[in-house]
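Chemist: Here is the input, now give the coordinates:
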Amino acid sequence: MGVYYWLTDHQKTALKYWRMAIDEGERLGARPQLSRTYAEIARRFFELKAQTGRPSPTQIGESLDKARAMFSGLGLHQDLAELESGIGLTDDASSDLSHS
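Modeler: Numbers count the residues shown, from 1 in each chain. Below you'll find the model as predicted:
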């Protein structure tokens with residue numbers, strides 16, 4: 001639902017659904033899906049940043065860091081590669097986001 005609302009220009013509603021997905025993923029211990037939710041948020045924030053200059057790099061970096069750490073920890077290397085290639089991040093660019 002988050003992607004649908006994001007794409008129909010209802011970002012606040014999308015974030016609400018993603019927050020619910022995160023809460024439920026944590027409750028159920030569904031780490032692969034939880035990591036993919038964080039990745040989706042990071043992708044959408046990165047797109048928005050490219051288009052409008054918002055949100056802040058800190059907001060992007062938080063979701064990105066969580067997704068990357070979870071993908072690595074779970075051995076989901078394909079998901080990690082897709083995330084990084086999908087948003088065109090290098091290690092230098094991603095560290096800029098994490099430390100802003």
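Chemist: Distance-wise, check the residue nearest to W6 when sequence neighbours are not counted relative to R43.
Modeler: Once flanking residues are discounted, W6 sits nearest to A14: 3.9 Å by Cβ to Cβ, 6 or more residues apart in numbering. C-beta coordinates here come from the backbone N, C-alpha and C atoms, glycine included. With distances taken as Cβ to Cβ, to the nearest Å, A14 is found 12 Å from R43.
Chemist: Only the buried residues of stretch 48-65, if you could.
Modeler: 48-49, 55, 57, 59-65 (16 or more other Cβ atoms under 10 Å).
Chemist: Which of these sits closest to G73?
Modeler: Of all the buried residues of stretch 48-65, G73 sits closest to D65, with 12.1 Å by Cβ to Cβ.
Chemist: Tell me how far that closest one lies from P57.
Modeler: When D65 is compared with P57 (using Cβ to Cβ), they lie 11 Å apart.
Chemist: need the longest helix for this protein.
Modeler: In the chain, taking DSSP state H as the definition, the longest helix is helix 31-52.
Chemist: what's the helix or strand following it packed up against?
Modeler: Next helix or strand after helix 31-52 toward the C-terminus (DSSP states H and E): helix 57-74. Helix 57-74 sits against helix 31-52, helix 77-87, helix 91-98, with contacts defined as 3 or more Cβ pairs under 8 Å, 6 or more residues apart in numbering; DSSP states H and E.
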